[in-house]
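A.B. asks: Here is my input; please provide its structure:
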Amino acid sequence: MSTDKEEKTPAPQQVGDEPELVDENESDNGLPHAVQIVSIGTESDQYAFSFKEDNLNGVLAKVPPGWKVSVVSVVGAFRTGKSFLLSWFLRYLHYHSTNKPDLVTGSGKKWYEQFSSLGNDGFNWRGGAERNTTGIWMWSEPYFLKRTNPLSGKEEDIAVVLVDTQGMFDHETTMGLTAAIFGLSTLLSSYQIYNVDKRIQEDNLQQLALFSEYGRMALETEQQCAAEYREKKAREEEQQQQEEEVKTRSLDGGEKEKTKEDSPKKEDKKEKKPRPKLTKTKPRKPFQHIDFLVRDWQNFDEEEDMELMEKEMDEYLNSVIAERDAKDLHDTRAQITACFEKLGCFMFTHPGFAVTKKKYSGDVKVIEPTFLNLLDRYCQRVFNAGDNLDPKVIHGRELTAVELGAYVKAYALLFESGAHFPEAATMLDATAKANNSNATSLAIQAYKDDMDKIAGVMCSNYIPPDEFEKSHRQLAERSLEMFDDMANFGNREDIDKAREMVIKMLKDNHEVYSKLNDGRNPLAGFEIYILPMSVAIISFLLRWIADHTCTSWSQTCKVGSDVLSEVYTVGFLFMLIISATRAKQISDSVKRIRKALKAVSSDSGGSAVNTKGGGKGLKED
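C.D. replies: All right, here's what the predicted structure looks like:
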């Protein structure tokens, strides 16, 4: 990894060091810090959401191109230790991410034993009863981890961003605003942690079911539209294939009539392509992963055996979400299990009464060992377990940083009113538009990446026009196929408009690459020299012939010789003037002459090569 990121990563406080504070709003010393991506309240509306796009782009721009992004967020009631937990996450990732070499290796100590104080240079936290976090915050530096892809089984890199949210259920936040905060966080997250105090109570489940219902309604509408689009596309492909089969049979019948007498037993056997099946895909659940993180749990049977404690956690979660006879309790649990792909539970014991004091500054020594062991176990569970650390997925697609940024912007703008959760149809429209935008960007970028290798600025070889146009058509078709695969839900008219934009952008980029390629044509610019040079040479030869064939006393021959002399002199002077004004291109011109000779000599061979190969091409306008 780059050393720039290593130098910017804040070093954990060593024994005896004082904690280095970093302000959340600004980091004058360039160290990583929390940045606000959504603020709440404006001069005109105290509940309005304000999206800070530059802050978000500044974080996501640090993710390498093409890498998938996992978003880990923490939500819950105010003053339950969300920011405190995220600061521990930062410490863990500092020691275990691939941004820099593993600092634990060879030390013989746990990661939380490497520093004396948690400090307050992570997500801002403090003891007391006052609300400390407002809006939604993201850590300014993504962390890089290794992940085993569950489909391919191969190890791959993934970027992790941490998100902190405003505490809910205080005396200043309305239920509408609380729902909006929770809902937006859920839409953005791939791994969400619901922080609860002491136990999972029925109101916790009801609140989660209420908030997730909004997202479920929107995403179910989205999935329904997507399914309808896929079925429509499959029917169109089936109809097209049937028409091709009918056309093929009619052609084969005519051919057989012509060759019946010559080869009565010979029949053309063509392999038939299988017709597309209109299969219904298993619907995805709206959201990915949520953990109930129970704080200050006091009912472990045995606090020395971690495996036994985790078994108790699973048993507790199963008992909480087990079916109930009462309809309202049953519906609440069914709603939660229907909304999330994965549902988990983890419990922390009390960290020690010294931690709860308002003057506590992060001293690790006063924290209970059992809490630290459980914290270590949970960090491993969230960040190291390959099954849990998934990229953010929307509509079945794992998102890169650029794609994630488009969706975050689309969702954040939906919540501008703050006090009201957006309707499902509005959310669907925003998701579809963000998806179309991503599909357009990725399709054009794929075309440009490939064309850069063929005729980009860094290329030096000239490509014959036929070969250039063939490559353009193939790459343009590939880009359009990529767009069609991604832009497969939402309003069809919007998709068609986006596709037309892709075609227009492909044409514009084609013109740019065509001009770049023409600029490398070894014969380009020689028309300036060819005409005066030809006239000068012909005039010189005619004068030479006239001087050696005409008699010296012929006045006509003398006048003709003088005229021809002036013509080729003017021609050569003109060439000298042009050459002087284009002195920088003289050496290139010499090289072009050599290349031109090679191009002329290999023209027939090049034409033969261009006729080889296959592939479907775009229709020329």
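
A.B. asks: CA atoms for contacts and neighbours, from now on please.
C.D. replies: Fine.

A.B. asks: mind listing the strands for the protein?
C.D. replies: 34-40, 49-51, 68-76, 136-139, 143-148, 155-165, 191-197, 287-295, 340-347, 393-394, 397-398 (DSSP state E).

A.B. asks: Beta-bridge partners for the residue nearest the centre of the chain, please?
C.D. replies: Central residue of the chain (C-alpha atoms, centre = their mean): residue 400, 2.5 Å from the mean position. Beta bridges link residue 400 to residue 68 when assigned by DSSP bridges.

A.B. asks: Adding distance to residue 483 and mean neighbour count, write the strands of the chain out as JSON lines.
C.D. replies: Below are these laid out as JSON lines (distance: least, C-alpha to C-alpha, whole Å; neighbours: other C-alpha atoms under 10 Å):
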{"stretch": "strand 34-40", "distance to residue 483": "29", "mean neighbour count": "23"}
{"stretch": "strand 49-51", "distance to residue 483": "28", "mean neighbour count": "23"}
{"stretch": "strand 68-76", "distance to residue 483": "19", "mean neighbour count": "26"}
{"stretch": "strand 136-139", "distance to residue 483": "31", "mean neighbour count": "24"}
{"stretch": "strand 143-148", "distance to residue 483": "28", "mean neighbour count": "20"}
{"stretch": "strand 155-165", "distance to residue 483": "24", "mean neighbour count": "21"}
{"stretch": "strand 191-197", "distance to residue 483": "28", "mean neighbour count": "22"}
{"stretch": "strand 287-295", "distance to residue 483": "25", "mean neighbour count": "22"}
{"stretch": "strand 340-347", "distance to residue 483": "27", "mean neighbour count": "18"}
{"stretch": "strand 393-394", "distance to residue 483": "16", "mean neighbour count": "20"}
{"stretch": "strand 397-398", "distance to residue 483": "13", "mean neighbour count": "14"}
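
A.B. asks: Export those to CSV and append columns for distance to residue 519 and mean pLDDT.
C.D. replies: Supplementary listing: the strands of the chain in CSV, determined by distance: least, C-alpha to C-alpha, whole Å; pLDDT from 0 to 100:
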stretch, distance to residue 519, mean pLDDT
strand 34-40, 46, 89
strand 49-51, 45, 85
strand 68-76, 38, 93
strand 136-139, 47, 92
strand 143-148, 43, 88
strand 155-165, 40, 91
strand 191-197, 52, 93
strand 287-295, 52, 92
strand 340-347, 55, 92
strand 393-394, 43, 88
strand 397-398, 40, 88
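
A.B. asks: Out of these, flag the one nearest residue 554.
C.D. replies: strand 68-76 (89.2 Å; C-alpha to C-alpha).

A.B. asks: got the contact list for the closest one?
C.D. replies: 82, 86, 157-168, 182, 185, 188-196, 389-392, 398-401, 404 (C-alpha atoms under 8 Å, 6 or more residues apart in numbering).

A.B. asks: Repeat that for stretch 409-418.
C.D. replies: With C-alpha under 8 Å, 6+ apart, stretch 409-418 has contacts from 38, 40, 47-51, 53, 176-177, 180, 184, 187, 421-422, 426-427, 430-431, 434.

A.B. asks: go with 6 Å
C.D. replies: 47, 48, 49, 177, 430 (C-alpha atoms under 6 Å, 6 or more residues apart in numbering).

A.B. asks: Buried residues of that stretch, list them for me.
C.D. replies: 409, 410, 411, 412, 413, 414, 415, 416, 417, 418 (16 or more other C-alpha atoms under 10 Å).

A.B. asks: okay, that stretch in CSV with CA atoms only?
C.D. replies: Provided in CSV are the C-alpha atoms of stretch 409-418 (Å, rounded to 0.1, in the frame of the first residue of the first chain):
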residue,chain,number,x,y,z
LYS,A,409,-26.2,11.0,-3.1
ALA,A,410,-29.5,9.8,-4.5
TYR,A,411,-30.7,8.5,-1.1
ALA,A,412,-29.5,11.5,0.9
LEU,A,413,-31.3,13.9,-1.3
LEU,A,414,-34.5,12.0,-0.7
PHE,A,415,-34.4,12.8,3.0
GLU,A,416,-34.0,16.6,2.6
SER,A,417,-37.3,17.2,4.3
GLY,A,418,-36.1,15.1,7.3
